[in-house]
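# This is a predicted model, with the sequence first.
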Amino acid sequence: YCVRLRGLPWEAKKDDISDFLSRCEIVGGQAGIIINMDDRGRAAGDAYVELETRDDMDTAVSMHKREMGTRYIEVFEANRLDVEKAKDKQGRGGGGSMGFGRRDRDRAGPRGFTVQLRGLPYRVTEREIADWVGEAADPVDVIIQMDRGRPSGRAECVFSSDREARRVVQTMHRRDLGHRYIECFYDE
């Protein structure tokens with residue numbers, strides 16, 4: 001049984017997460033907590049936690065929107081596959097980057113199933129876009145499209161499956177991100 005925590009303070013450590021979930025039994029103690037890292041090896045603001053029982057998972061999910069310090073934490077039931085991917089990325093070093101950021105990107109061809117986003121706030125970050133679309137499916141990559149060196153209000157989100165890309169369009173098209181509604185398009 002697994003949950004995903006989103007919105008964690010950047011400085012959150014495994015101790016803070018186990019304190020937050022103190023009413024739950026975590027598999028292997030702190031070994032059952034996987035904090036996702038960005039491409040620079042810093043905490044990305046989310047984590048996966050493996051739990052002993054279904055009751056522990058239900059208890060954790062009931063803590064959705066409770067506060068850790070000054071931030072409210074979103075708690076979702078997680079897919080075992082996502083947890084294993086996060087563990088693999090940590091095991092390879094490099095902190096488990098999901099590929100967000102503009103550096104070292106191969107733009108030569110598609111690396112997955114791409115959803116086009118239009119109408120984004122100009123100051124939105126790739127991490128914020130990933131968190132927003134993450135309500136439907138977790139992207140493999142997010143690329144903010146630039147126009148003469150400035151954000152254009154458009155981005156591409158790359159997903160690992162056709163099904164995920166379709167779910168994002170179906171779920172997130174014309175939903176608000178901040179005060180703007182975002183259009184989502186997918187061409188197979």
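Looks like it came in fine.

# For the most centrally placed residue in the chain, give me its contacts.
Centroid-nearest residue in the chain: residue 131, 4.9 Å away (criterion: C-alpha atoms, centre = their mean). For residue 131, the residues meeting the contact criterion (C-beta atoms under 8 Å, 6 or more residues apart in numbering) are 6-7, 45-46. C-beta: built from backbone N, CA, C; applies to glycine.

# Return the member of those residues nearest to residue 14.
Using C-beta to C-beta, the shortest approach to residue 14 within these belongs to residue 46, at 13.6 Å.

# quick one: the closest one and residue 7 touch, right?
Yes: the criterion here is C-beta atoms under 8 Å, and residue 46 meets it with residue 7 at 7.5 Å.

# who's more crowded, these two?
Neighbours per residue (other C-beta atoms under 10 Å) separate residue 46 from residue 7, with residue 46 holding more: 24 against 16.

# Would you mind pulling the contact partners of the helix or strand the more buried one falls within?
In the assignment (DSSP states H and E), residue 46 maps to strand 43-50. When contacts are defined by C-beta under 8 Å, 6+ apart, strand 43-50 is touched by residues 1-12, 17, 21, 24, 26-28, 32-38, 60, 78, 82-83, 86, 96, 98, 127, 131.
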